[in-house]
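# sequence first, predicted model second:
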Amino acid sequence: MRSTLQFGRFNYPWRGEGVRPRVMGILNVTPDSFSDGGNYQSLEFAISHAEQMILDGVDIIDVGGESSRPGAPPLPLEQELQRVMPVLYALRDQGPAISVDTYKPQLMREAVIAGVDMINDINGFRAPGAIEAVLDSDCGLCIMHMQSQPQTMQLAPSYTDVVAEVIAFLRERIDAMIAAGIDPRRICIDPGFGFGKTVEHNYALLKATGRLIAELDMPLLAGLSRKSMIGAVVDKPVERRMAGSVGGALAAVAQGAVIVRVHDVAETVDALKVWQAAH
Ligand code: 7PJ
């Protein structure tokens, strides 16, 4: 039975004995995080943020140049390359696995050349050329579900059966990737919390974590850090959702998620250590 996720220089067991949930730290390289939006400053800021995540025990650093906040406009390729590539090269040999959060095939190709370990595509490798861009590499591939596009996805999310529809989507993408020649051991799945989903849809999917893993027979990555599904339960603004997000990460891991994508690395690492000790 296939039970390791193989990605670049790393492999993680994701079911059975010896499974340890892993923490993916979010590294946004977007000018809104910096004083003047200058490229050099953003590089410096990103590197120091990454250094802190490494001290905090991060397993994977997920580098993203384009904001996929609901309503955010798309970023031109050239700008995304300028923001992201120097960070990938700077972090490649610092210890943790490196992931890049992009749906653009051209950026995927450059990232593969830079030696990233994982490509994390919120668009599920649906862009023309996306599968081809990652075919001749060994990096891991995170297939995320999204209904509609970031600009419009939160206007009117609608499903008859959200869990069944997300499973059907992910199954179609897994099949397309395997048919194209991708090794299934490179694939992990993600229900895409907040991407074209109401709070109810998000919790239906969170509760179905075990079912997604079992039906699709794939390791699962969960990203719910600071999202509105946390805010809706704790009734707090985004900057006060850390503890709620840690609770959400534990809920996902308790149902079999092997990677949690988070902003608050130190706190999540500690929570998972205690969870693991009691397991
Ligand atoms: C996710 C992501 C997620 C994966 C973002 C945010 C929005 N990639 N990229 N899963 N979310 N795989 O962090 O709030 O949930 S950007």
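Thanks, I have it.
# C-alpha only now, for contacts and for neighbours.
Will do.
# V269 against I54, yeah?
No: in this structure, V269 is not within contact of I54 by Cα atoms under 8 Å, at 11.1 Å.
# wait, isn't R69 in contact with P150?
Yes: between R69 and P150 there is a contact at 6.7 Å, judged by Cα under 8 Å.
# where does the stretch 1-150 of the chain dip in pLDDT?
32-39 (pLDDT under 70).
# which parts of it are helices?
Secondary structure of the stretch 1-150 of the chain by DSSP state H, counting those that start in this stretch: the helices cover 39-55, 77-91, 105-114, 130-135.
# repeat that for the stretch 151-279 of the chain.
Using DSSP H, counting those that start in this stretch, helices in the stretch 151-279 of the chain cover 162-179, 199-207, 209-216, 228-234, 242-254, 265-277.
# helices and strands around the shortest one, which ones?
This points to helix 228-234. Using 3 or more Cα pairs under 8 Å, 6 or more residues apart in numbering; DSSP states H and E, the elements in contact with helix 228-234 are helix 199-207, helix 242-254.
# again, only using 7 Å
Applying 3 or more Cα pairs under 7 Å, 6 or more residues apart in numbering; DSSP states H and E, we find helix 228-234 packed against helix 242-254.
# can the helix it packs on be found next to the ligand?
No: judged by Cα under 6 Å from any ligand atom, helix 242-254 and the ligand are separated, with a smallest distance of 11.3 Å.
# for the closest residue in space to F193 that isn't next to it in sequence, give me its contacts.
Counting by Cα to Cα, 6 or more residues apart in numbering, N202 is the residue found nearest to F193 once chain neighbours are left out, at 5.6 Å. Applying Cα atoms under 7 Å, 6 or more residues apart in numbering, one finds that N202 lies in contact with 193-194, 229.
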